[in-house]
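# give me a model of this one.
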Amino acid sequence: MIADGSGRAVAFSLAPDQAHELRQAVGLLARLPGVPRWVVADRGYTSHAFRDHIWNLGARPVIPLQRHEAPVACPAWIYHNSNRVECLWARLKEWRAVATCYEKKASSFMGVLCLAASLDWLKD
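Presented below is the predicted three-dimensional model:
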């Protein structure tokens, strides 16, 4: 999922089966309407190729490094915004159908997710 600076859903996609979400991240970044200044992600998205892709877009990656990597300068106030996606998921999971994945087909689940995200936009 990609969220804007206000913590509202901009784009999301479903990963097939138990696949890692990093494969979906490049496609999600392509769906953004413009070039962001910063791309904030959690440690699960640590990849040199993904960081290079973000730099090539013209944005700065804010992704925690693995323990064996050298530290990268990043303003602390930027990384403190990383919880916005987590809070967004918490708001979306207030919908029982999103939290429990009642929908068996990906298209049905995506419909429920889009509805929940749309109503989350309207609440603001």
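# hmm, which helix or strand of the chain has the shakiest average pLDDT?
When the helices and strands of the chain are scored by mean pLDDT, DSSP states H and E, helix 76-79 comes last with a mean of 74.
# hey, C-alpha coordinates of the very next helix or strand once past that one in PDB?
Toward the C-terminal end, the helix or strand that comes next after helix 76-79 (DSSP states H and E) is helix 83-92. What follows is helix 83-92, C-alpha atoms only, in PDB (Å, rounded to 0.1, in the frame of the first residue of the first chain):
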ATOM      1  CA  ASN A  83       3.700   4.900  11.200                       C
ATOM      2  CA  ARG A  84       1.100   6.500   8.900                       C
ATOM      3  CA  VAL A  85       0.700   3.400   6.800                       C
ATOM      4  CA  GLU A  86       0.400   1.300  10.000                       C
ATOM      5  CA  CYS A  87      -2.300   3.600  11.300                       C
ATOM      6  CA  LEU A  88      -4.000   3.400   7.900                       C
ATOM      7  CA  TRP A  89      -4.100  -0.400   8.000                       C
ATOM      8  CA  ALA A  90      -5.500  -0.200  11.600                       C
ATOM      9  CA  ARG A  91      -8.300   2.100  10.300                       C
ATOM     10  CA  LEU A  92      -9.100  -0.200   7.400                       C
END
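# which parts of stretch 66-84 count as buried, going by neighbours?
74, 84 (16 or more other Cβ atoms under 10 Å). For every residue, glycine as well, the C-beta is placed using N, CA and C.
# what's the end-to-end length of that stretch?
22 Å (Cα to Cα, to the nearest Å).
# thank you kindly, that will do.
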